[in-house]
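Participant: What follows is a protein structure lacking sequence information:
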């Protein structure tokens, strides 16, 4: 069993930055691909970014490319999402998810085994 806990959310002005962290307990993350998803009020959950367990290659949603960076520290069992140039459209609850030995596809929430409780990100205009 992998327990995921997100942190780092908060209120930021448009153009600002936040760094989200996803920490795992109960097991190492080294064999898990980790993804970030978000869900805004009244909208469906959408993929943001993911980092594979093998090789550390990354995938990003078009909305995240050039602004967000996902990284992992297997020794600390954490995955970070650095978010820059935030806009009000980025306002959502952000969730991290882990999929055992997952390689692809990474943009579907159905392929992930474990989910965190989410952290709220609010970007004011």
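Facilitator: Yes, it's here. Note that the structure is predicted; figures quoted are calculated from it, not measured.

Participant: what's the spacing between residue 81 and residue 112?
Facilitator: 15 Å (CB to CB, to the nearest Å). Where you see a C-beta, it was placed from the backbone N, CA and C, and this is true even at glycine.

Participant: These two: who's more crowded?
Facilitator: Per other CB atoms under 10 Å, whichever of residue 81 and residue 112 has more neighbours is residue 81, with 26 against 22.

Participant: The more buried one in helix, strand or coil?
Facilitator: strand (DSSP: H, G, I helix; E, B strand; the rest coil).

Participant: ok, now which ones touch it?
Facilitator: Residues in contact with residue 81, defined by CB atoms under 8 Å, 6 or more residues apart in numbering, are 19, 20, 21, 22, 36, 48, 49, 68, 69, 70, 94, 96.

Participant: On the strand side of things, show who the residue nearest the centre of the chain bridges to.
Facilitator: When CA atoms, centre = their mean is applied to the chain, the residue found nearest the centroid is residue 36 (2.3 Å). Bridge pairing for residue 36 (DSSP bridges) gives the partners residue 49, residue 96.

Participant: Touching, it and residue 46? I think so.
Facilitator: No - using CB atoms under 8 Å, residue 36 is not in contact with residue 46, being 10.1 Å away.

Participant: Residue 25 versus residue 80, what's the distance?
Facilitator: 16 Å.

Participant: of these two, who's got more company?
Facilitator: Counted by other CB under 10 Å, residue 80 and residue 25 do not tie: residue 80 has more neighbours, with 21 against 10.
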